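>>> Just to be clear, the model below is a prediction. Sequence and coordinates:
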Amino acid sequence: MEEFEQELRQALERRSAPASLKRSVMARRNARRPQGHAVMWQRLAAGLVIAAVLGGAAEWEAHAREERRRGKAAREQVLTALRITGHALNRMNEQLAAHGRGQE
Amino acid sequence: MAHGWQPNFEQLVEEHQSMVFSLALRMTGDRGLAEEIAQDVFLELDRHLRKMESAEHVRFWLRRVAMSRSADAMRRRRVRCLDLWVEIDEGHGMQLEPRISPLGARLEALLATLPEGQRAALILRYQEDLMPEEIAATLELPLATVKSNLQRGLKLLRAKAERHLSEYVRVKEQASGA
């Protein structure tokens, strides 16, 4: 087996790489560098878009909260007005009833 | 950068291109694909360069990734043994280098017909001169599997050589006659 192994070892000596290999690797590496900047800008743009969306959502939420607060205040005012009106009507009824009893 | 080791990418490519290309070539049997794999391996090294701790670490990493990428490429392309046999018979296989004997070239071509695991183990053993323990670490396989692949691969390759390579039989006969 040793002789065969020796033959195999000789057959499997390292082959020279094509001359274009290193050149292609360095070219692809250099071409990738600007892409790194592009990725950075893309990330920055994505970050700005996300920030704008989140800001818009916060603004909308604050606006909706103010609308709810105003609606609640208006409802309170209507209820207060109704309470006052009801109270006045009750007093008027009581006065009318007293007046009726005086005439009898 | 750990341990103060300062790798120079261009120098690493220069130093290891022959090893990476040869591993990919012998795993795939295709020069174009091997060059493509070697390029991808080096670009991946560039991305992981900060993690490299020593020259030995780079060499180990390159072997492991080259073998793994070659196996992936083989699975994708599903190269069939039948096609390789046609190449051997017609002499259109791997390009011969002047320093490689015709017998060596045919032996190399026969290696391409072995099962992937056996081929990988034999390439690392006889091209890279690695011990079975180092092959097991490179291929991330149990030591017993590697030893078995080496033994079976060598036996199968020898049987194929005796069956198909008349030159090998002639050389053997001349050697035994002398």
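Happy to help now that I have it. All values derive from a computational prediction rather than experimental measurement.

>>> Contacts only, for the spatially most central residue of chain B.
With distances taken as C-alpha atoms, centre = their mean, chain B has B:Leu23 as the residue nearest its mean C-alpha position (3.5 Å). For B:Leu23, the contacting residues are B:63, B:66-67, B:70, B:123-124, B:127-128, by C-beta atoms under 8 Å, 6 or more residues apart in numbering or on different chains. Bear in mind the C-beta positions are built from the backbone N, C-alpha and C, glycine included.

>>> ok, which pair from those is furthest apart?
Distance extremes for the contacts of B:Leu23: the farthest pair is B:Ser70 and B:Glu128 at 13.5 Å, using C-beta to C-beta.

>>> Give the residue from those two that has the larger number of neighbours.
B:Ser70 (27 against 18; other C-beta atoms under 10 Å in any protein chain shown).

>>> pretty sure that one contacts B:Glu35?
No: with contacts counted by C-beta atoms under 8 Å, B:Ser70 stays clear of B:Glu35, the gap being 11.9 Å.

>>> which stretches of chain A form strands?
Remark: no strands are assigned in chain A by DSSP state E.

>>> where are the low-confidence patches of it?
Regions of chain A meeting the criterion pLDDT under 70 cover residues A:1, A:34-36.

>>> Need phi/psi at A:Arg15.
Torsion angles at A:Arg15 (phi, psi; degrees, to the nearest 10) stand at phi -90, psi 150.

>>> Am I right that it is in contact with B:Met19?
No: taking contacts as C-beta under 8 Å, A:Arg15 lies outside contact range of B:Met19: 9.7 Å.

>>> Got a quick PyMOL command for the buried subset of the contacts of B:Leu23?
A single PyMOL command suffices to select whichever of those are buried according to 16 or more other C-beta atoms under 10 Å in any protein chain shown:
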select buried, chain B and resi 63+66+67+70+123+124+127+128
